[in-house]
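Asker: Pasting a predicted model and its sequence here:
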Amino acid sequence: MSYKNFSIETDADGIALVTWDMPDKSMNVFTVEVMDELDRIIDQVVADSAVKGVVITSGKSSFSGGADLSMIKGSFDLLKEAEAADPATAVHKLFDATGRMTWLFRKLETCGKPWVSAINGTCMGGAFEMSLACHGRVASNAKSVKIALPEVKVGIFPGAGGTQRVPRLANAQDALQMMTTGSSLTGARAKAMNLVHQVVEPDQLIPAAKQMIKDGLKPVQPWDEKGFKAPGGGIWTPASAQLWPAAPAILRRETAGNYPGALAILKCVYEGLQVPFETGLRIEQRYFTHILQTTEAFSMIRSLFISMQELGKGARRPAGVPKSEFKKVAVVGAGFMGASIAYVTAAAGIPVVLIDRDQEAADKGKAHSEGLVTGAIGKGRMSKEDGETLLSLITPTPDYASLADADLVIEAVFEDRTVKKEVTEKIEAVLREDAILASNTSTLPITGLAKNSKRPNQFIGIHFFSPVDKMMLVEVILGKETGDKALATALDYVAAIKKTPIVVNDTRGFYVNRCVFRYMAEAYDMLIEGVPAAMIENAAKMAGMPVGPLALNDEVAVDLSYKIFKASIADLGPQSVDPRHMELVTKLVEGEGRLGRKAGKGFYDYPPKPARKKLWPGLKDLYPQIKPEDVDVKVLKERLLATIALEAARTMEEGIVTDPREADVGSILGFGFAPYTGGTLSYIDGMGVKTFVALCEKLATKYGDHFQPTPLLKDMAAKGETFYTRFAPETKKAA
Ligand code: NAD
């Protein structure tokens with residue numbers, strides 16, 4: 001029998017080596033076709049008396065990324081169709097569909113012949129769940145091997161037996177930790193947790209897996225043996241009495257109750273360990289069916305998987321422009337940002353010249369990369385050779401002539417129009433005709449900066465976020481005259497450095513910073529009202545934000561807010577800034593020298609490590625304080641999320657952001673907007689535009705006109721539209 005995605009080779013010992021290698025994909029994933037084939041393979045090996053056992057591995061460098069999330073997204077469509085056809089049976093249909101993998105893997109582990117999974121590379125989600133159904137697991141000790149059940153990160157959970165098998169192999173605490181965080185394990189850690197049997201050199205992987213079968217591996221899982229007890233004895237033991245009462249509280253501390261998928265893991269494990277294995281699988285299947293119907297699962301899969309992948313693959317790249325090759329990139333300005341941009345460029349294997357005013361400043365920029373490389377080697381994340389190669393790609397110099405043959409130049413000098421003008425002229429004096437010039441400005445409109453250029457259609461914004469090596473988002477900013485070649489080059493560059501781009505039209509603050517300023521401004525309002533600062537910060541975290549607005553303000557620098565206010569007043573007039581906000585920031589910066597974290601004091605105090613930052617007690621004296629019991633935390637959470645979402649809606653209305661995928665992905669990657677919502681616009685769509693408009697109107701009556709819903713939102717509410725229906729990319733194309 002032949003298969004499209006698998007090949008089978010049976011050796012003289014009767015061991016069938018099943019190699020999973022999907023012809024049209026760079027990584028193996030579970031699709032309906034793969035499940036069908038695996039089903040047939042199980043039948044085939046059972047029927048073939050010459051086969052004594054099976055080793056399953058991958059023909060690619062990774063083992064598998066798990067279930068194809070497009071398939072899971074398909075289950076949302078299935079539910080919709082089923083609901084339209086017959087609402088009474090719709091959920092049953094979903095229940096049956098979600099059980100496919102579960103019962104396929106159960107069939108594998110009860111087929112009567114031993115299976116061993118030979119994990120040669122990254123093994124995630126459904127693929128690790130399949131491995132757990134195998135009677136033996138051997139992992140290679142290669143650095144590239146990462147084992148994880150990461151489903152919780154996209155709003156779902158391991159629903160193909162993972163929540164039942166992991167806690168029957170590992171202790172419940174480790175099992176919960178692994179699944180509720182979705183974190184990756186090395187082979188060694190997986191072995192220590194009892195999740196794999198052996199960890200071997202890569203070239204010993206298949207022989208070791210075969211040897212397990214030759215040594216008489218029993219084709220029966222521990223939980224199918226009589227008298228089986230889960231590690232630690234199950235739920236009704238003194239140790240469990242320590243763990244279980246605390247577990248929901250710990251999860252709540254970590255997730256603030258925002259992630260139904262994470263809570264479902266707890267329920268599956270707790271309930272599943274008290275019943276026979278197959279009943280446990282059914283419990284898991286039931287919770288999985290429930291979770292698939294949540295707004296969180298729908299929105300997170302859409303934004304964090306599908307949209308992110310589409311944007312990464314160049315959804316916004318203009319067609320017809322040949323793919324750019326980067327033989328050399330130049331970064332001008334080797335300061336805080338420029339030095340880091342040079343690092344990520346070299347890390348992608350692209351030669352980069354790093355230019356500053358003198359050799360010393362340029363060298364200082366390269367020293368930043370040297371520090372990062374030394375750190376990575378020290379932590380075992382980079383080999384010495386890779387580190388040396390990376391550093392050899394960065395050439396620090398004050399000589400502009402060295403950028404003459406660059407394909408792309410990224411300017412990251414002081415945020416000063418005069419300096420930027422002078423630098424642009426110096427660059428263009430030597431730059432190749434067809435090369436692209438980009439600015440990393442964070443506040444100056446690109447159209448204005450492009451006026452300094454002789455070829456504004458080849459001028460674009462490439463806006464990085466700090467810290468550049470960690471932040472996955474890059475905003476690509478189009479000036480009025482920016483052409484397709486510049487856009488394509490910028491997107492190709494962002495893809496080359498493996499970050500996710502969003503394309504934004506020119507405006508003050510672009511997209512991300514406009515949203516972030518709203519978040520901080522709402523916190524200023526709350527402080528001024530007398531809301532205790534700790535409640536503001538905690539409410540933000542309970543709303544799902546990774547960093548409170550005051551802590552974030554300290555990170556970006558309070559004096560930067562002050563400078564931006566002053567610039568807005570100078571450019572747009574005094575009405576452009578709330579005078580109470582100006583007064584607050586002036587008090588901090590000029591009155592107290594509290595410039596933010598860099599100064600060791602801002603909204604927080606930063607004592608020397610290991611002591612942790614603490615809110616500055618003086619904040620209490622700035623405004624009369626409301627008693628904590630008189631503050632409604634739910635309203636604080638609503639205000640913080642709604643003000644950001646409203647700003648995102650405004651950017652759509654103004655045509656600054658044109659694709660809801662970009663607003664959503666940009667908000668999560670750019671400033672961690674409550675990921676369980678799927679991003680700023682999914683937050684609105686998820687509750688319904690009508691509900692959001694009503695919420696804004698309610699907030700506007702009490703907290704100010706900045707909450708007034710915009711005409712677009714009112715129109716969408718009246719028509720029953722969502723952002724994804726009104727601004728769907730297909731709709732736009734058709735129009
Ligand atoms: P920085 O002050 O750390 O670095 C600026 C560098 O430019 C300095 O090394 C300086 O010597 C160099 N420079 C100045 N004039 C020059 C000239 N004529 N020729 C060559 N080099 C010159 O500033 P930064 O924080 O790295 O910011 C740089 C740019 O990045 C700004 O436009 C800023 O708005 C933008 N940006 C900053 C951040 C951030 O978090 N700091 C984030 C995104 C974008």
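Answerer: Structure received. Numbers count the residues shown, from 1 in each chain.
Asker: mind checking the end-to-end distance for stretch 302-319?
Answerer: 24 Å (CA to CA, to the nearest Å).
Asker: starting at the chain centroid, how far to it?
Answerer: Distance of stretch 302-319 from the chain centroid (CA atoms, centre = their mean, to the nearest Å) equals 13 Å.
Asker: Would you mind listing the buried residues in it?
Answerer: 302-308, 310-312, 314-317 (16 or more other CB atoms under 10 Å). (C-beta placed from N, C-alpha, C; glycine too.)
Asker: so which of those comes closest to the ligand?
Answerer: Leu311 (19.6 Å; CB to the nearest ligand atom).
Asker: Which strand or helix spans the closest one?
Answerer: helix 308-312 (DSSP states H and E).
Asker: tell me what that helix is packed against?
Answerer: Under the contact definition 3 or more CB pairs under 8 Å, 6 or more residues apart in numbering; DSSP states H and E, helix 308-312 sits against strand 500-505, helix 660-671.
Asker: Mind doing that once more with 6 Å?
Answerer: Using 3 or more CB pairs under 6 Å, 6 or more residues apart in numbering; DSSP states H and E, the elements in contact with helix 308-312 are strand 500-505.
Asker: Between helix 660-671 and the strand it packs on, find me the angle.
Answerer: If you take axes from the mean of the first three to the mean of the last three CA atoms, to 10 degrees, strand 500-505 sits at 110 degrees to helix 660-671.
Asker: is the ligand contacted by strand 500-505?
Answerer: No: using CB under 6 Å from any ligand atom, we find that strand 500-505 stays clear of the ligand, coming within 13.7 Å at best.
Asker: Could you check the pLDDT of the closest residue to the ligand within the stretch 101-250 of the chain?
Answerer: Residue nearest to the ligand within the stretch 101-250 of the chain (CB to the nearest ligand atom): Lys153, separated by 26.3 Å. Per-residue pLDDT puts Lys153 at 95.
Asker: residue contacts, the nearest residue to Ser144 once chain neighbours are set aside?
Answerer: Closest residue in space to Ser144, ignoring its immediate chain neighbours: Gly121 at 5.2 Å, by CB to CB, 6 or more residues apart in numbering. By CB atoms under 6 Å, 6 or more residues apart in numbering, Gly121 lies in contact with Ser61, Ser62, Phe63, Ser144, Val145.
Asker: Using CSV, please lay out those residues together with secondary structure.
Answerer: Below are those laid out as CSV (DSSP: H, G, I helix; E, B strand; the rest coil):
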residue, secondary structure
Ser61, coil
Ser62, coil
Phe63, coil
Ser144, coil
Val145, coil
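Asker: what residues does the chain put near the ligand?
Answerer: Counting by CB under 6 Å from any ligand atom, the chain comes close to the ligand at 332-338, 355-357, 361, 412-415, 419, 422-423, 440-442, 464, 466.
Asker: Inside strands: which ones of the residues you listed?
Answerer: Val332, Ile355 (DSSP state E).
Asker: And this structure, split by domain according to the record?
Answerer: What automatic domain parsing lists as the domains of the chain is 6-293, 329-509, 513-726.
Asker: Which strands or helices does the lengthiest helix in the chain pack on?
Answerer: For the chain, the helix with the greatest residue count under DSSP state H is helix 87-109. Here helix 87-109 touches helix 32-47, helix 69-85, helix 125-133, helix 277-292, going by 3+ CB pairs under 6 Å, 6+ apart.
Asker: Of the buried residues of stretch 302-319, which is the nearest to Ala90?
Answerer: Closest approach between the buried residues of stretch 302-319 and Ala90, by CB to CB: Arg302, at 20.1 Å.
Asker: roughly how far apart are the closest one and Arg661?
Answerer: Using CB to CB, to the nearest Å, Arg302 is found at 8 Å from Arg661.
Asker: Highest neighbour count among the contacts of Gly121?
Answerer: Phe63 (30 neighbours; other CB atoms under 10 Å).
Asker: which residues of the stretch 151-300 of the chain fall in helices?
Answerer: Along the stretch 151-300 of the chain, the segments classed as helices by DSSP state H, counting those that start in this stretch run 162-169, 172-181, 187-192, 205-214, 238-255, 260-272, 277-292, 295-300.
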